[in-house]
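S.K.: Got a predicted structure plus its sequence, pasted below:
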Amino acid sequence: MDKLVITGGKRIEGEITAAGSKNSSLPIIAATLLSGSGTFRLHRIPDLKDIATFRQLLGHLGAETAFEDNTLTVSTARVESVLAPYELVKKMRASIYVLGPLLARFGHARVSLPGGCAFGPRPIDLHLMAMEKLGAKITIETGFIDAVAEHGRLRGAEIDFPVTSVGATGNVLMAAVLAEGTTTITNAAAEPEIEALCQFLRAMGAEIEGVGTTTLTIRGRESLRHVEFENIFDRIEAGTILAAAAITGGSVTIRGVIASHMEAVLRKFAEAGCRVDTTEDSVTLQSTGRLTATSIAAEPFPAFPTDMQAQWMALMTQAEGTSEITDHVYHERFNHIPELNRLGAHIEIDGNRALVHGPQALSGTKVMSTDLRASACLVLAGLVADGATEVLRVYHLDRGYERIEERLRSLGAKIRREKYSEFG
C-alpha cells in the first residue's frame, strides 16, 4: 500500500497546466457506449485509478480501449454484454453511468448496485425514478439493478428532479438522446461537467437545448456517431493547487483553465486575503502573507463546490479567526476533521456545520485518508505542518488526482511516495 510523506514548510510556487477533469471524463467515457460506429478519441483524460477501473468495465462489456499520453481511444462496436458486475462497480460509484447508455442502446441493462466513497447517503433513487419515467421497468434483486425498456426503446418524458443531482442528470441525458420523442429535465444540474457531457453528446449528433441551465430539452435520435473530443480542465484539482499555494504563503499560476468554472472558489480565496488574477485561460494566486477566516457553504454549481470543502477547511486552520464550513450537499462529509485535529487543528462539528478556529500551528504525524477529497485536505495540511506528515491509504487520492506528489514537487513541495504495510 502507498503513503505520501510530506515535510512541511516549503512554499508552493511556479506555473503548472491544469489536468483534465475526472468528473467529466467518466460520463463522457460512458457515453461512448451510445454508438457502435467507429473509434472515439478522447483527449485530456487524466491518468487515474477511476479511469482505469472504467476502462476495465468497458472491456468487460466488450469495448476495446487504449490509453496513452492522456488520450483515450474507445471502440464500442463489439459491445454485446449489458452486465456491469459487482467486482468492478463496487470500486467506483460512477459505474452507475453505464445504466443510461446501455438501456438506451440495447433496451436492457443489468448493473450492480454501486460502491465508492464512504461518506453520507448518496442514493440512486433519482436515477431509477428517471429511467422509469422514460419507460423502463426496474427491478432490484440479488444486489443488481435490472432495467428493461418495456417498449423495446425508451420514450421521451418530462422529468423534474426534487433535488439537483449531477449523476442523475448525466444518466438521464445519456438515456434520452436515443429515446423516442422529446425529454425535458427540470432542476437539472448545471455543473461544468454536465455542460461538457452535453457538448460531447452534441458532437455525436444529439439534439440538446438549454445547455448550461437547469432546464434541458433533449430530442431523441435514432443513432449517434463516433467523434474526437477534448475534455475540460479539472476545477477541483486546480482549486486544490491554489489552496496549496495559499496555505504555504506561495504563488502559483495555473494554465489551461476556464476561470468562470471557478468563480465561487476564486471569490473566496480573495475574501481570505489572497490576490487572484485571471486571464482567458489562466488563474494566478499570490499569498499576501496573511489569511482571514472566511466561511463557505457547499452547494450545487455555481456555488462553492462540495468537492473543495475539505481543502478549504485545511486552509482555514491557518486563517485568523473562526470560519464556518457548511455542506448542504453531503451533510456527513466531515471524516477528515478528526485527522486534521490529530495534526493540531481546532475544529468543532455541529451537524452539517464545522467551526474552524485559527490560526493553529500544525505538527506532522501519521494520518489516515478516508475518501478522495479528505486525502487532498490532509496533504494540504502536511504542506504547512512542522516536521513530517505521513498520509496513509492514498489509493483514495489516486482515484482523483494524477500523480499529485509529482505535480506538487514540481512547484517546490517536499513530498514523496513510499510503500508501507498496515500490519507490518
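M.R.: Nice, thanks for sending it over. Owing to the predicted nature of the structure, the values given are computational and were not obtained by experimental measurement.
S.K.: For Glu402, grab the count of nearby residues.
M.R.: Glu402 has 19 neighbours, counted by other Cβ atoms under 10 Å. Where you see a C-beta, it was placed from the backbone N, CA and C, and this is true even at glycine.
S.K.: The residue nearest to it when sequence neighbours are not counted: what's it in contact with?
M.R.: The spatial neighbour of Glu402 that comes closest, neighbours along the chain excluded (Cβ to Cβ, 6 or more residues apart in numbering), is Pro46 at 4.6 Å. For Pro46, the contacting residues are 19-22, 25, 70, 234, 402, by Cβ atoms under 8 Å, 6 or more residues apart in numbering.
S.K.: closest to Leu134 among those?
M.R.: Proximity to Leu134 was ranked across these by Cβ to Cβ; first place goes to Ser25, at 24.7 Å.
S.K.: ok, now how distant is the residue nearest to Glu402 from Ala196?
M.R.: Using Cβ to Cβ, to the nearest Å, one obtains 13 Å as the distance from Pro46 to Ala196.
S.K.: what touches both of these two?
M.R.: Contact criterion Cβ under 8 Å, 6+ apart; residues shared by Pro46 and Ala196: Ser21.
S.K.: Which parts of the stretch 1-150 of the chain are strands?
M.R.: Across the stretch 1-150 of the chain, reading from the start of the chain, the strands by DSSP state E, counting those that start in this stretch fall at 2-7, 13-17, 39-43, 64-68, 71-75, 83-84, 108-112, 136-141, 144-149.
S.K.: closest one to Ser421 among those strands?
M.R.: Set against Ser421 and scored by Cβ to Cβ, the strands of the stretch 1-150 of the chain come closest in strand 2-7, at 10.3 Å.
S.K.: hang on, the earlier thing: could the strands of the stretch 1-150 of the chain be laid out in TSV, adding distance to Met313 and mean pLDDT?
M.R.: Putting the strands of the stretch 1-150 of the chain into TSV (distance: least, Cβ to Cβ, whole Å; pLDDT from 0 to 100) gives the following:
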stretch	distance to Met313	mean pLDDT
strand 2-7	17	97
strand 13-17	23	98
strand 39-43	33	98
strand 64-68	34	98
strand 71-75	33	98
strand 83-84	34	95
strand 108-112	33	95
strand 136-141	36	94
strand 144-149	35	95
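S.K.: Once you drop chain neighbours, what's closest to Tyr401?
M.R.: Excluding the flanking residues, the one nearest Tyr401 by Cβ to Cβ, 6+ apart is Glu237, at 6.1 Å.
S.K.: any idea which element the one you found lies in?
M.R.: Assessed by DSSP states H and E, Glu237 sits inside helix 235-248.
S.K.: Buried residues of the helix or strand following that helix, list them for me.
M.R.: Per DSSP H and E, helix 235-248 leads on to strand 251-255 as the next helix or strand towards the C-terminus. Residues of strand 251-255 classed as buried: 251-254 (neighbour count, 16 or more other Cβ atoms under 10 Å).
S.K.: Between helix 235-248 and the first helix or strand past strand 251-255 going along the chain, find me the angle.
M.R.: Once the chain leaves strand 251-255, the next helix or strand it forms, by DSSP H and E, is helix 263-271. On the basis of axes from the mean of the first three to the mean of the last three Cα atoms, to 10 degrees, helix 263-271 is oriented at 10 degrees to helix 235-248.
S.K.: Which other helices and strands does helix 263-271 contact?
M.R.: Contact here means 3 or more Cβ pairs under 8 Å, 6 or more residues apart in numbering; DSSP states H and E; on that basis helix 263-271 packs against helix 235-248, strand 275-278.
S.K.: List the residues that contact the residue in the chain sticking out farthest from the centre.
M.R.: The outermost residue of the chain, judged by C-alpha distance from the chain's mean C-alpha position using Cα atoms, centre = their mean, is His151 at 34.5 Å. When contacts are counted by Cβ under 8 Å, 6+ apart, His151 is found next to Gly135.
S.K.: hmm, 10 Å instead?
M.R.: His151 makes contacts with 107, 135-136, 180, as judged by Cβ atoms under 10 Å, 6 or more residues apart in numbering.
S.K.: now Glu150
M.R.: In this structure, Glu150 makes contact with 107, 132, 135-137, judged by Cβ under 10 Å, 6+ apart.
S.K.: from memory Gly107 sits against Met131, does it?
M.R.: No - counting by Cβ atoms under 10 Å, no contact exists between Gly107 and Met131, whose distance comes to 11.8 Å.
S.K.: In terms of neighbours, single out the busier of those two.
M.R.: Comparing Gly107 with Met131 by other Cβ under 10 Å, the one with more neighbours is Met131, at 28 against 19.
S.K.: Tell me how many other residues crowd the closest residue in space to the more buried one that isn't next to it in sequence.
M.R.: Using Cβ to Cβ, 6+ apart and skipping residues adjacent in sequence, the residue nearest Met131 is Ala147, 5.6 Å away. When neighbours are defined as other Cβ under 10 Å, Ala147 has 27 of them.
S.K.: For Ala147, list each beta-bridge partner.
M.R.: The residues listed as beta-bridge partners of Ala147 by DSSP bridges are Ala109, Ile138.
S.K.: Restrict stretch 249-257 to CA atoms and write it as PDB.
M.R.: Listed in PDB are the C-alpha atoms of stretch 249-257, where the atom choice follows Å, rounded to 0.1, in the frame of the first residue of the first chain:
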ATOM      1  CA  GLY A 249       2.300  31.600   1.600                       C
ATOM      2  CA  GLY A 250       3.300  31.000  -2.000                       C
ATOM      3  CA  SER A 251       2.300  32.000  -5.500                       C
ATOM      4  CA  VAL A 252       1.100  29.800  -8.400                       C
ATOM      5  CA  THR A 253      -0.200  30.200 -12.000                       C
ATOM      6  CA  ILE A 254      -2.400  27.500 -13.400                       C
ATOM      7  CA  ARG A 255      -2.800  27.500 -17.200                       C
ATOM      8  CA  GLY A 256      -5.400  25.700 -19.300                       C
ATOM      9  CA  VAL A 257      -8.400  26.700 -17.100                       C
END
